[in-house]
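K.L.:
need a 3D model of the sequence below.
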Amino acid sequence: MKWEVVIGLETHAQLSTVSKIFSGASTAFGAEPNTQACGVDIALPGVLPVLNTGAVERAIRFGLAVGAKINSPSIFARKNYFYPDLPKGYQISQYELPIVEGGTITIQVGDTEKTVRLTRAHLEEDAGKSLHEDFHGRTGIDLNRAGTPLLEIVSEPDMRSAEEAVAYARALHTLVRWIDVCDGNMQEGSFRCDANVSVRPAGSEKLGTRREIKNLNSFRFLQQAIEYEVRWQIGELEDGRAIQQATVLFDPDTGETRMMRTKEDAHDYRYFPDPDLLPLEVTAERIAVVRSVMPELPQAMKSRFVDEYKLPDYDAALLTASKETASYFEETTRITFDAAKVLLGIAGKEPVLSGVAKLAANWLIGEIASRLNSGGIELADSPIKPGQLAKLLARILDQTLSSKMAREVFDAMWAGEGDADAIIAAKGLKQISDSGEIEKIVDQVLAANTQQVADFRAGKEKAFNSLVGQVMKASRGKANPQQVNDILRRRLAG
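P.N.:
Next up, the predicted model:
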């Protein structure tokens with residue numbers, strides 16, 4: 001039997017406020033346990049929650065970014081359950097009327113673009129954290145996270161593979177960082193996913209029984225957990241066993257999921273409106289103010305890069321994977337283009353914006369990205385800033401440097417040896433573009449390699465490549481390769 005995978009994600013994005021959602025306690029990461037939990041967070045008798053306006057504005061910003069409906073009013077509810085790190089015995093969340101309803105996220109998987117629908121996004125408080133290490137059979141409780149503001153973003157079950165789920169999670173991660181509602185730090189728990197996974201016979205409209213994989217805090221773990229869970233569920237069904245709805249955990253050491261508890265349904269949590277919090281009214285004026293300061297969104301910027309710079313979709317997608325990368329690209333392109341207009345304009349040749357943009361994209365996607373990955377550093381920490389890269393690219397455009405020379409200069413720039421012009425001067429790397437000088441070298445090479453000349457004229461194309469190599473060697477790699485090719489072919493045709 002052929003099976004179809006059905007996946008929906010619930011993502012918890014920690015909102016980038018400096019204080020908690022219902023108290024003034026700090027949300028800073030890394031403090032000593034239980035030093036950032038005030039009376040509201042730990043539910044001391046008589047304390048009352050006060051809603052953080054910054055959390056509301058960030059939720060509105062997200063709703064606008066995904067084209068969702070901003071509900072007014074929205075209602076805060078108590079989600080009742082017992083766990084040691086939940087001191088109130090309930091979590092303040094939203095249930096029947098969330099602040100954000102609907103919306104979409106566009107994802108790219110290979111050459112295929114797909115739209116994933118969102119069900120909702122609602123505000124809620126985080127629980128504390130149970131600590132099991134270093135307690136020798138006991139559990140410690142750290143309530144610093146209790147009350148931290150979260151936006152829980154729930155997708156429809158529109159994804160059909162682990163690859164699509166990861167693409168969705170990456171796109172969502174990019175978006176929440178782009179609009180500055182969440183720092184996206186997965187190691188610190190600021191962005192974590194729960195994956196609802198089920199399988200059904202291909203062609204069936206009825207959803208299978210789902211199992212929820214909790215607290216996946218890396219894209220790699222998300223993919224591994226879903227792939228294992230899909231294999232496990234298919235194996236169970238093909239062996240004639242039924243799937244039981246459950247909450248499971250992923251063990252990255254074994255690459256397997258294991259059941260934590262049978263899955264609760266909404267009624268098990270006995271939701272009811274929180275009597276301490278009034279319905280949240282969001283006015284049209286407040287929405288208009290938030291909308292007025294929204295940045296250009298990733299999908300719109302990607303389309304603009306394709307239209308304005310004539311970049312391939314693939315390049316545009318990579319360049320808009322983060323706001324930092326997009327800004328670096330645009331700044332590099334602008335500086336390079338301005339420099340090229342001066343350098344090439346003097347020679348009577350105007351630069352083409354799309355050509356400059358493609359050159360900048362190639363270097364950012366290629367050399368810069370490779371060095372960042374190998375060094376494990378962020379773009380913000382790159383030793384080569386946009387203005388420095390632009391100077392290097394300008395020297396490629398005005399034919400001071402060949403591609404090979406440019407990489408040598410780039411290596412020196414990365415090592416901190418100075419800017420492009422200083423390195424070119426120090427290493428004597430200026431490309432020879434004077435046709436008269438190149439012709440002299442070509443003539444010398446042809447005179448010294450009569451057999452290869454004869455071989456080429458007899459139809460052996462490899463002989464031509466050998467002659468090009470001889471010319472480049474004679475020029476110590478400085479001759480303009482295109483000019484060498486053109487002059488050689490003219491001479492050999494004569």
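K.L.:
list the buried ones in the biggest helix by length in the chain?
P.N.:
The longest helix of the chain (DSSP state H) is helix 323-346. Using 16 or more other C-beta atoms under 10 Å as the test for burial, helix 323-346 gives 323, 325-326, 328-337, 339-340, 343-344. To be clear about C-beta, it is placed using only N, CA and C from the backbone, and glycine gets the same treatment.
K.L.:
contacts for that helix?
P.N.:
Residues from elsewhere that reach helix 323-346 (C-beta atoms under 8 Å, 6 or more residues apart in numbering): 177-178, 295, 298, 301, 309, 318-320, 350-351, 353, 356-357, 359-361, 363-364, 378-380, 386-387, 389-391, 393-394, 397-398.
K.L.:
same deal with stretch 154-167?
P.N.:
Residues from elsewhere that reach stretch 154-167 (C-beta under 8 Å, 6+ apart): 4-11, 105, 107-109, 114-122, 168, 195-196, 198, 207, 219, 222-223, 226-227, 230.
K.L.:
equivalent analysis for stretch 274-281, please.
P.N.:
By C-beta under 8 Å, 6+ apart, stretch 274-281 touches 48-49, 51, 56, 72-78, 92, 97, 99.
K.L.:
only alpha carbons, please: show that stretch as PDB.
P.N.:
In PDB, the C-alpha atoms belonging to stretch 274-281 read as follows (Å, rounded to 0.1, in the frame of the first residue of the first chain):
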ATOM      1  CA  ASP A 274      -9.300  34.100  32.700                       C
ATOM      2  CA  PRO A 275     -11.400  36.200  35.100                       C
ATOM      3  CA  ASP A 276      -8.300  38.400  35.800                       C
ATOM      4  CA  LEU A 277      -7.900  39.600  32.200                       C
ATOM      5  CA  LEU A 278     -10.400  41.600  30.200                       C
ATOM      6  CA  PRO A 279     -11.000  40.800  26.500                       C
ATOM      7  CA  LEU A 280      -8.200  42.300  24.400                       C
ATOM      8  CA  GLU A 281      -9.500  45.000  22.100                       C
END
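K.L.:
buried ones in that stretch, by neighbour count?
P.N.:
Of the residues in stretch 274-281, those buried (16+ other C-beta under 10 Å) are 274, 277, 280.
K.L.:
could you list which of the contacts of stretch 154-167 belong to strands?
P.N.:
4-11, 105, 107-109, 114-122, 195-196, 198 (DSSP state E).
K.L.:
buried subset of those residues as a ChimeraX selection?
P.N.:
Typed into ChimeraX, the line below selects the buried ones among the ones in strands among the contacts of stretch 154-167, using 16+ other C-beta under 10 Å:
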select :5,6,7,8,9,10,11,105,107,108,109,116,118,119,120,121,122,195,196,198
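K.L.:
for Ala474, give me its contacts.
P.N.:
Contacts here follow C-beta under 8 Å, 6+ apart; on that basis Ala474 touches 441, 444-445.
K.L.:
nearest to Ile153 among these?
P.N.:
Comparing the contacts of Ala474 against Ile153 with C-beta to C-beta picks out Ile441 as the nearest, at 63.6 Å.
K.L.:
tell me the pLDDT of the closest one.
P.N.:
In this model, Ile441 is scored at 78, pLDDT.
K.L.:
equivalent analysis for Ile335, please.
P.N.:
In this prediction, Ile335 carries a pLDDT score of 95.
K.L.:
of the contacts of helix 323-346, which belong to helices?
P.N.:
If you go by DSSP H, these have 177-178, 298, 301, 309, 318-319, 353, 356-357, 359-361, 363, 386-387, 389-391, 393-394, 397 in helices.
K.L.:
tell me where the stretch 101-250 of the chain is predicted with low confidence.
P.N.:
Scanning the stretch 101-250 of the chain for pLDDT under 70 picks out no residues.
K.L.:
can you show me the helices along it?
P.N.:
Taking DSSP state H, counting those that start in this stretch, the helices of the stretch 101-250 of the chain run over residues 162-178, 219-238.
K.L.:
go through the first one and flag the buried ones.
P.N.:
When burial is assessed from 16+ other C-beta under 10 Å, helix 162-178 yields the following buried residues: 162, 164-169, 171-178.
K.L.:
which of these lies closest to Phe410?
P.N.:
Nearest to Phe410, judged by C-beta to C-beta, of these is Thr174 at 27.2 Å.
K.L.:
go ahead and confirm the closest one touches Leu318.
P.N.:
No - Thr174 is not in contact with Leu318 according to C-beta atoms under 8 Å; the separation is 11.4 Å.
K.L.:
how many neighbours does Arg489 have?
P.N.:
Using other C-beta atoms under 10 Å, the number of residues around Arg489 comes to 14.
K.L.:
ok, now the one 4 residues further on?
P.N.:
By the measure other C-beta under 10 Å, the count of residues near Ala493 is 7.
K.L.:
could I get the pLDDT score of it?
P.N.:
75.
K.L.:
and what of Ala454?
P.N.:
On the pLDDT scale, Ala454 is placed at 78.
K.L.:
that one and Val468, how far apart?
P.N.:
In this view, Ala454 and Val468 are 17 Å apart by C-beta to C-beta, to the nearest Å.
K.L.:
more neighbours: which of these two?
P.N.:
Neighbours were tallied for Ala454 and for Val468 using other C-beta under 10 Å; the higher tally belongs to Val468 (18 against 11).
K.L.:
pop out the phi and psi values for that one.
P.N.:
phi -60, psi -40 (degrees, to the nearest 10).
K.L.:
what sits against it?
P.N.:
Val468 neighbours (C-beta under 8 Å, 6+ apart): 481, 484-485, 488.
K.L.:
and what of Met259?
P.N.:
So Met259 contacts 211, 246-248 (C-beta under 8 Å, 6+ apart).
K.L.:
same deal with Ser303?
P.N.:
By C-beta under 8 Å, 6+ apart, the contact set of Ser303 is Ala316.
K.L.:
next one: Ala55
P.N.:
Counting by C-beta under 8 Å, 6+ apart, Ala55 makes contact with 15, 17, 21, 123, 149, 151.
K.L.:
go again using 6 Å as the cut-off
P.N.:
15, 17, 21, 149 (C-beta atoms under 6 Å, 6 or more residues apart in numbering).
K.L.:
shouldn't the second one be in contact with Val56?
P.N.:
Translated: Thr17. No - checked against C-beta atoms under 6 Å, the pair Thr17 and Val56 is beyond contact range at 10.0 Å.
K.L.:
can I have the buried ones of the contacts of Ala474 as a ChimeraX selection?
P.N.:
Selecting only the buried entries of the contacts of Ala474 in ChimeraX, with 16+ other C-beta under 10 Å as the criterion:
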select :441,445
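K.L.:
can you redo the contacts of Ala474 as CSV with distance to Ala31 and secondary structure?
P.N.:
Below are the contacts of Ala474 laid out as CSV (distance: C-beta to C-beta, whole Å; DSSP: H, G, I helix; E, B strand; the rest coil):
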residue, distance to Ala31, secondary structure
Ile441, 68, helix
Gln444, 73, helix
Val445, 71, helix
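K.L.:
show me which of the contacts of Ala474 is closest to Ile234.
P.N.:
Distances from Ile234 to the contacts of Ala474, taken by C-beta to C-beta, are shortest for Val445, at 65.6 Å.
K.L.:
hmm, Phe361 is touching Ala317, no?
P.N.:
In this structure residue 361 is Ala, not Phe. No - Ala361 is beyond contact range of Ala317, at 11.1 Å (criterion: C-beta under 6 Å).
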